[in-house]
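**Q** Have a look at this prediction, sequence included:
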Amino acid sequence: MAEKITRSKFRTLWLQAQGLHETHPFGSGAKATAKIVKHLGYVQIDTINVIERSHHHILYTRNPDYKRTHLQQAQAKDKSVFEYWTHALAYVATEDFKYFVPAMKRRKKNPHSWYGTVSKSDMQKVFRLIKKDGPISIRDIDDDVLVDKDHPWASKKPSKKALQLAFNGGDLVICERQGMLKKYELTGRHFGWEKLPKAATPAEVLDYEIDRALQAQAIVSIDSICHLQTAQHKKDILKRLESRERKGLLIPVIVEDCEKVKFWIEPNLLDTEIEETAELTHILSPFDPLVIQRKRFHMLFDYDHRFEAYLPKEKRKYGYFTLPVIIGDKAVAVLDLKADRQNQKLLIQQWSWLGKHKSLNFKKKIEQELHRFEKFQLDK
């Protein structure tokens, strides 16, 4: 028999698992960055910069003292995080590298058709340059024979796809970013490895994904573990979950008003007495792990987040790049913000209250957070 749990308890456990229940759950300073990435499992990277980019925003939300140089240090100096594909390109803890080696091998053996134009000589060229000169970016390659672009995101330089292909296969790593410009290095030389870590087995990868989700979500479902994954992958995860359930390692739970979805929780968490959530105010990135799982966020916070950046202006309800605001365990407003970097201002394009949460008290809390958020946006 599945245990029953209230939506309120579910929200609190999820917020605690996400590190949004206190101001410095992972400590402060540069070392907190790697701890956050490890705990969340990954931090999604995105290029949109109408305000500070999502990866910096996500880290700042969990470390009020966060600075952009902290991530640079973790990636380029401490080498405690690296970039690779989850459901999108993301920062991942280096200690989890072995769980991504199988995907690297698959991509190397069966590259996407996008890379069909990459020749053997293109690959040899980028490896030759990196072995000789050290880390390079696409801007360092100035002798390519230019070709016509076959996609708006493509490059006229064939070497760009060669670098990406070698990265996907694990032979190259993005050793640092200068802004959003990637510098590539030989993976082994970057980490000081003679060879890649031994690949995790398929069963180990599945268990890693389950454990990662339990740590960052507290209560999990098939969809929350397998965000944007294939139907077959979901079936494989379900078998592992059912095995843990039979062993008593996980307990199935039913959430009030969400009886159609099966969830699982670890036994020790089910019996935990929940303390009242502090009324912290968070302005969240639309790519924050709390928000990116849209159905789950909607189910628990009664707000169906809309990513409207790619919609025509007349079809937008909340704005171009809207950010959900949570106070305590409630989603209370949505802000469409823009950083005016030239004039050193954070512009409020649109402020939309959610449900019946409009109040002077919440307005004051959001304004206080906006002042802090503005400083983060505009500090060099």
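**A** In hand now; what should we look at? Numbers count the residues shown, from 1 in each chain.
**Q** quick check: longest helix of the protein.
**A** Longest helix in the chain by number of residues (criterion: DSSP state H): helix 360-378.
**Q** Next SSE downstream of the one helix or strand residue 58 maps to?
**A** For residue 58, the host element (DSSP states H and E) is helix 54-62. Moving toward the C-terminus from helix 54-62, the next helix or strand (DSSP H and E) is helix 68-72.
**Q** Show me what secondary structure element comes after that following helix.
**A** strand 81-85.
**Q** Which neighbours in the sheet does that following strand have, and how are they oriented?
**A** strand 89-93 (antiparallel) (DSSP bridges).
**Q** Quick one: residues in contact with the partner strand.
**A** 34, 37-38, 41-45, 55, 71, 74-75, 80-84, 86, 100 (CB atoms under 8 Å, 6 or more residues apart in numbering). C-betas here are computed from N, CA, C, even on glycine.
**Q** From the chain's centroid, how far away is the following helix or strand past it?
**A** Remark: after strand 89-93, the chain's next helix or strand is helix 101-109, criterion DSSP H and E. Averaging C-alpha positions (CA atoms, centre = their mean, to the nearest Å) puts helix 101-109 21 Å from its chain's average.
**Q** do the same with stretch 169-176
**A** Offset of stretch 169-176 from its chain centre (CA atoms, centre = their mean): 19 Å.
**Q** Which positions in that stretch come out as buried?
**A** Buried residues in stretch 169-176, defined by neighbour count with 16 or more other CB atoms under 10 Å: 169, 170, 171, 172, 173, 174, 175, 176.
**Q** Closest one to residue 196 out of those residues, please.
**A** Nearest to residue 196 among these: residue 170, at 6.1 Å, using CB to CB.
**Q** Over to the closest residue to residue 320 other than its chain neighbours. Which of the three states is it?
**A** In space, and not counting its chain neighbours, residue 320 is closest to residue 309: 5.5 Å by CB to CB, 6 or more residues apart in numbering. What DSSP: H, G, I helix; E, B strand; the rest coil gives for residue 309 is coil.
**Q** The longest strand along the chain: partners in the sheet, and parallel or antiparallel?
**A** Longest strand in the chain, counting residues (DSSP state E): strand 330-340. Strand pairing for strand 330-340, using DSSP bridges, gives strand 322-327 (antiparallel), strand 345-353 (antiparallel).
**Q** quick check: mean pLDDT across the shortest one?
**A** The one in question is strand 322-327. For strand 322-327, mean pLDDT is 97.
**Q** What segments of the protein are strands?
**A** 3-5, 43-44, 81-85, 89-93, 172-178, 181-186, 219-220, 251-255, 263-265, 281-283, 322-327, 330-340, 345-353.
**Q** The first one - contacts with which helices or strands?
**A** When you say that, I think you mean strand 3-5. strand 251-255, strand 263-265 (3 or more CB pairs under 8 Å, 6 or more residues apart in numbering; DSSP states H and E).
**Q** Ok, which of these comes nearest residue 197?
**A** strand 263-265 (29.0 Å).
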